[in-house]
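Student: pasting the sequence and the predicted coordinates here, then a few questions.
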Amino acid sequence: MTTLTDLLIRARIDTSRAVPGDVVPPSGTSSRTRPVAPHQSANTTAAEDLRTLCETLISHTPATAVADFVTEQVPEPRSALVLACVLQLTDTDDGARFWWQYAAGAGQPAAAYCLYLHHLSLGETHTARWWHTQTNDPTPTTPDAA
């Protein structure tokens, strides 16, 4: 066997494990980047902003922009962004996050912004800030940014 094959064999994912959210801030961070409490209004505001953004993206994306969606390969990044927003609006967070990550990795800053709002709504401020850096917007808008 090749070294690559050995690595792939050892990289099997244990699907029985549940992965917790981003509840522990990375080492060396201040209390400012710790997740906000679930009851704080920043979470509600971010969730509402995300819903509004998804509705806007879906309603203002022409059908011709997503016409190549159903193919034998993965969708175009713009189509993946729209799919993620549809999934978010139907309360399918995991699927939405996957397609936003795909679209953001393919250069869609709107997808990175959706991920920023998604993580902010969950109280994961550190992860939210990281996604905000991917939007090319120089000013972070997290509630505790100073």
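Tutor: Good, I have the coordinates.

Student: next, count neighbours for the residue lying closest to residue 134 once chain neighbours are set aside.
Tutor: In this structure, residue 134 finds its nearest non-sequential neighbour in residue 112, 3.8 Å apart by Cβ to Cβ, 6 or more residues apart in numbering. Using the backbone N, CA and C atoms, a C-beta is placed for each residue, glycine as well. Using other Cβ atoms under 10 Å, the number of residues around residue 112 comes to 22.

Student: surely residue 112 meets residue 104?
Tutor: Yes: between residue 112 and residue 104 a contact is recorded at 4.2 Å, counting by Cβ atoms under 8 Å.

Student: tell me the helices in this structure, going along the chain?
Tutor: 3-10, 41-59, 77-89, 93-105, 109-121, 125-133 (DSSP state H).

Student: which helices and strands does the longest one pack with?
Tutor: I take that to be helix 41-59. The contact analysis (3 or more Cβ pairs under 8 Å, 6 or more residues apart in numbering; DSSP states H and E) places helix 41-59 against helix 77-89, helix 109-121.

Student: just name the most buried of the ones you listed.
Tutor: The highest average neighbour count among these, using mean count of other Cβ atoms under 10 Å, belongs to helix 109-121 at a mean of 23.

Student: and it, what other elements does it pack with?
Tutor: helix 41-59, helix 77-89, helix 93-105, helix 125-133.

Student: lowest average pLDDT across those helices?
Tutor: Set side by side, these give their lowest mean pLDDT on helix 41-59, at a mean of 87.

Student: buried set for that one?
Tutor: Residues 42-43, 46-47, 49-50, 53-54, 57-58 are the ones in helix 41-59 that count as buried (16 or more other Cβ atoms under 10 Å).

Student: got JSON lines for the helices and strands packed on helix 41-59, with distance to residue 100 too?
Tutor: JSON lines is the format used below for the helices and strands packed on helix 41-59 (distance: least, Cβ to Cβ, whole Å):
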{"stretch": "helix 77-89", "distance to residue 100": "4"}
{"stretch": "helix 109-121", "distance to residue 100": "4"}
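
Student: thinking residue 61 is in contact with residue 82, fair?
Tutor: Yes: taking Cβ under 8 Å as the definition, residue 61 is a contact partner of residue 82 at 5.3 Å.
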